[in-house]
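Visitor: Fold the following and give me the result.
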Amino acid sequence: MKRNKNWYNKYMNSEKNIFEDYEKPVAYDANGQPLYAHPPKQQTDLSVSTKTKHDRSVRAFPGISLSDGEYVISSIRRHPIGLFIPIALGVFLVAIIFTVLFNYDLIIKALDIDISTISSSAIVITSVVVIGVVLLALYVNYYVYMNNRMYLTNESVIQQIQNGLFSKSEQIVSLGNIEDASYTQNGIVQQIFDFGSIRLSTEGDETTYRFNYVGEPKEVINTLNVAIEDFKNFRPIDY
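Guide: Coordinates of the predicted model:
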């Protein structure tokens, strides 16, 4: 009985030492922050600050799913310059239609067309319908473009992909699984207007995530890399 008791005490002391070792840092980074071989003891209850940030994010971003204690650090949207070409094309088409309407008589005379065979009301109705179709196409393009978003949270990166008016998907990758985060800016236009593409690659399955037309991509990647480093080193992510 005494032997069993001694073995039990020895076992409990060894378990206690192992648990204490887990809470001790094994090294320190360049900024003097502790690095752990194992995660430090986790708190089961959320802090007031974390809960407040979580509740605020749930209200501000109802379209994404956040776990308990997860909150949005930044919301990344596409740069509006990506809408320049479709908007310019739409304005050009509408301008042509209005030009035809206001110069209807001159065009008829120039083309030597018998005006009696053409109904002016039919021309007006057709023009209005075409303008409506162009404006609808512009709205759909704007809706799809601007609803492609990426969210950085204290736990993951969430990418919402709007493929069409009624087609949407979502990708979620944990900060701990991101192996590399980088950005590219190609050409003088992207340099002048400060937009580009960001790229995330993950460990293991080597999946690559891309998000184009990101405004200020360098600042986005800097924030993301800091969050990844803090998450992997079990430091609080506070922004």
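Visitor: which stretches of this structure have low pLDDT?
Guide: For the chain, the stretches with pLDDT under 70 are 1-45, 112-118, 205, 238-239.
Visitor: Now do the domain split for it, please.
Guide: 47-78+149-232, 83-144 (automatic domain parsing).
Visitor: What distance do you get for the spatially most central residue of the chain to Pro236?
Guide: Note on the chain: the residue nearest the mean C-alpha position is Met150, at 0.7 Å, using CA atoms, centre = their mean. According to CB to CB, to the nearest Å, Met150 and Pro236 sit 22 Å apart. All C-beta spots, glycine's among them, are computed from the backbone N, C-alpha and C.
Visitor: just to revisit the earlier point, show me what contacts the residue nearest to the residue nearest to the centre of the chain when sequence neighbours are not counted?
Guide: Of all residues not flanking Met150 in the chain, Ile76 sits nearest, at 4.2 Å (CB to CB, 6 or more residues apart in numbering). If you count contacts by CB atoms under 8 Å, 6 or more residues apart in numbering, Ile76 has them with 149-152, 198, 211, 214, 220.
Visitor: likewise Val130?
Guide: By CB under 8 Å, 6+ apart, the neighbours of Val130 are 93, 97.
Visitor: Spell out the secondary structure type for it.
Guide: On the three-state scheme (DSSP: H, G, I helix; E, B strand; the rest coil), Val130 is labelled helix.
Visitor: So what's the residue count around Val122?
Guide: That one is not Val; residue 122 is Ala. Ala122: 9 surrounding residues under other CB atoms under 10 Å.
Visitor: for it, helix, strand, or coil?
Guide: Per three-state DSSP, Ala122 ends up helix.
Visitor: just Val226 next, same as before
Guide: Under three-state DSSP, Val226 comes out as helix.
Visitor: start the count at 795, not 1, going forward
Guide: New numbering, starting at 795: the last item is Val1020.
Visitor: Look up how far Ile955 lies from it.
Guide: Val1020 is 25 Å from Ile955, by CB to CB.
Visitor: repeat for Ser861
Guide: 21 Å.
Visitor: which of the two has more neighbours?
Guide: Set side by side, Ser861 and Ile955 give different neighbour counts by other CB under 10 Å, the larger being at Ile955 (16 against 10).
Visitor: Ignoring the adjacent residues along the chain, who's closest to the more buried one?
Guide: Ser963 (4.7 Å).
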